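Asker: Build me a model from this:
(chains A and B)
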Amino acid sequence: MPVEHHEDPFESRLGDALRQAGGTFETDRTTLASGGAVRGRRFLFRRRAAVAGGVAGVALAGVGGALLVPWGDGGTGVSGRDTIAVGSSAASSPTPTATATGPVSGDELLRTLKRLLPEGEVSGEEARGTGSELNPYAHVVFDDGEGGGAVSVGLGRVEPGSATARDMTSCPDKRLVPHDSCTTTRLSDGSVLMLLQGYEYPDRRADTKQWTATLVTTEGHHVLVSEWNAEAEKDAPITRPEPPLSPDELKRIATDAAWRTAVDAIPDPKNTGSDAPPAADGTGVRKTLAGLLPRDMKVVTDGGQETEYAYVVVDDGKGESLVQVNVQPDIRSSDPKLDISEELFGSGAEVLPDGTKMTTKQGPGDDKAPGLVMWTVDTMRTDGMRVVVSAFNSGSQTTAPNRDTPALTMAQLKEIATSEEWEKLL
Amino acid sequence: MRYVRADGYQEFAAARAGHLYRSACLLTCGDTHLAEDLVQETLGRVYVKWGRVSRVGNPAAYAQTILTRTFLAHQRRRSSSERATDTFPDLPDQRSADADASLRLTLVEALGRLSAKDRAVVVLRYWEDRSIEETADTMNVSSAAVRTRCVRALSRLRELLGEDLGEYATR
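Answerer: Below is the predicted model of the structure:
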């Protein structure tokens, strides 16, 4: 399908007028660019915390982030996540009694948190136990009478002595994560505790304060207690000048032994690193793609990148056709802010018998090459691996078409995308 | 550490920030503070995925998509019902004598009378020059929905600005 052109004169006049008017908005680009980088680093800082502590999960479960919303779920921000929300309850009961082997439920984590809080009212309870793939947490809104503040505890494991463990308890650079105070101390049992009095927004666009206590023990328990001077992490009005718990109280909560018991109950210790899954070797991707092509296709040329991406240009006798593939390891993320799987394979995706999700598209290729057609089959395996195959009615993505349709049919593209051969690459 | 970005991000951000900001200004009807915020949020997201974004696909288009979605998500949260605004934020540098400023004011006011999604369609189609299909992809809606919004927005803008857009576009 060719790219449409604006035939209505009003449309082209509107385009001109927009460009003229838009061009008059000027700003300091350098500030915006560096502001973007600061936010990016901040996301990653939080992601690292989230990997080990589930704190971003806590944040998103409640309210969704300011300007940070997972796509396509109707805006609730919690779609598809294993979150247990329990009603507000004033009942406070004794310490959880989890054994080192049994799972600790979200309710038990909530009871522990409420036991450790000073006198006050508790509402907005949410939690996830240790039985989930995602990291456990407990979250409440705590009001000591001076105004409610969100309080959350995230739990996880971290390799003791690793760079990640050190990072978690090292005070961040003030230029990246502005804060009023940060201290790191080694406790008598060898654990390291960081107390950080910072802000929710690195650019301080709102006065939401975020104070945290981060504990990493010598056995690799990671406990992160966070509190805010608002009832939600983001997008909630300030309720009080400072969060409700003092740094000493944060410390007392973070160091409670019950959290370590809960961390011991987290079943899968292997997924605590902050490294991305390994990428598929580019040569392997190219060979696999070539091996999956129909036999009557002549490969004119091929190429690709070091990892993940490869292409071939085939000729079936009717002209060249570019076929490209991307193989990506697990594209899911426990942090909804970073998860693109819902964005790509939301409600519209077809689910194949083996659980693979698939979307297809037959559309225009590129504005610059009128008439260029791009057919795409995009798939995600149940383990999050993504294989996306596209074919063009041209030997290149950006040059004019030399045939009506790509050399491969949609059925052939589907067959290639869903082949088990890809799974051998990762 | 994974958060060390390969070279290229900074150059990309510096090169695209101005364009993204102008898009954001049109989307937000001239709310320059919100526009700055949206652009920083967008660039932050691009930063996080820079490795993948820079390798696969077109980073500039990706950034524009993120900007549009961030804007729509912001609008959705701010108001549960989609409605057009009748009031406008203070526009900096309002120089009524200046023709550019006057055009901007008129256009921005007209855009402000569209719903957020209709406005996003107009900005993507006529400022970004995206096709209907691409606009649909960016907004995560069907192309039929984009067509409907487009027709509605154009007819509203015609009504507000006049068929020949007054004297503005001809200058």
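
Asker: was I right about residue B:136 contacting residue B:143?
Answerer: Yes - look at residue B:136 against residue B:143 with CB atoms under 8 Å: they come within range, at 4.3 Å. All C-beta atoms are positioned from the backbone trio N, CA, C, and that covers glycine.

Asker: More neighbours: the two, which one.
Answerer: residue B:136 (20 against 17; other CB atoms under 10 Å in any protein chain shown).

Asker: Could you list the residues in contact with whichever strand or helix holds that one?
Answerer: Under the criterion of DSSP states H and E, residue B:136 resides in helix B:132-139. Residues from elsewhere that reach helix B:132-139 (CB atoms under 8 Å, 6 or more residues apart in numbering or on different chains): A:1, A:4, A:363-364, A:367, B:61, B:64-65, B:68-69, B:72, B:117, B:120-121, B:124-125, B:130, B:142-143, B:145-147, B:150.

Asker: For chain B, give me the ranges with low pLDDT.
Answerer: Across chain B, the stretches falling below the confidence threshold (pLDDT under 70) are B:1-7, B:56-57, B:77-104, B:164, B:166-171.

Asker: Which residue ranges of it form strands?
Answerer: Here chain B has no strands by DSSP state E.

Asker: what are the ranges of the helices in it?
Answerer: B:9-27, B:32-48, B:50-55, B:59-78, B:99-112, B:116-122, B:132-139, B:143-161 (DSSP state H).

Asker: for the residue lying closest to residue A:131 once chain neighbours are set aside, phi and psi?
Answerer: Leaving aside its sequence neighbours, residue A:131 sits nearest to residue A:103 (CB to CB, 6 or more residues apart in numbering or on different chains; 4.3 Å). Main-chain dihedrals, residue A:103, degrees, to the nearest 10: phi -70, psi 150.

Asker: Neighbours of residue A:103, how many?
Answerer: For residue A:103, the neighbour count with other CB under 10 Å is 16.

Asker: Please apply the same query to residue A:183.
Answerer: By the criterion of other CB under 10 Å, residue A:183 has 11 neighbours.

Asker: what do you get for the one 5 residues further on?
Answerer: Using other CB under 10 Å, residue A:188 is surrounded by 5 other residues.

Asker: again, but for residue A:280
Answerer: 24.

Asker: try residue A:287
Answerer: 15.

Asker: Tell me the confidence at it?
Answerer: We have a pLDDT of 90 for residue A:287.

Asker: List the buried residues of the helix or strand where it lies.
Answerer: Using DSSP H and E, the element containing residue A:287 is helix A:282-292. Within helix A:282-292, the residues that count as buried by 16 or more other CB atoms under 10 Å in any protein chain shown are A:282, A:284-286, A:288-289, A:292.

Asker: Of the contacts of helix B:132-139, just the buried ones, PyMOL syntax please.
Answerer: Entered in PyMOL, the line below selects the buried ones among those, by 16+ other CB under 10 Å:
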select buried, (chain A and resi 363+364) or (chain B and resi 61+64+65+68+69+72+117+120+121+124+125+130+143+145+146+150)
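
Asker: about what we covered before: columns distance to residue A:255 on top of the helices of chain B, output as JSON lines?
Answerer: JSON lines is the format used below for the helices of chain B (distance: least, CB to CB, whole Å):
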{"stretch": "helix B:9-27", "distance to residue A:255": "39"}
{"stretch": "helix B:32-48", "distance to residue A:255": "32"}
{"stretch": "helix B:50-55", "distance to residue A:255": "37"}
{"stretch": "helix B:59-78", "distance to residue A:255": "37"}
{"stretch": "helix B:99-112", "distance to residue A:255": "53"}
{"stretch": "helix B:116-122", "distance to residue A:255": "47"}
{"stretch": "helix B:132-139", "distance to residue A:255": "48"}
{"stretch": "helix B:143-161", "distance to residue A:255": "54"}
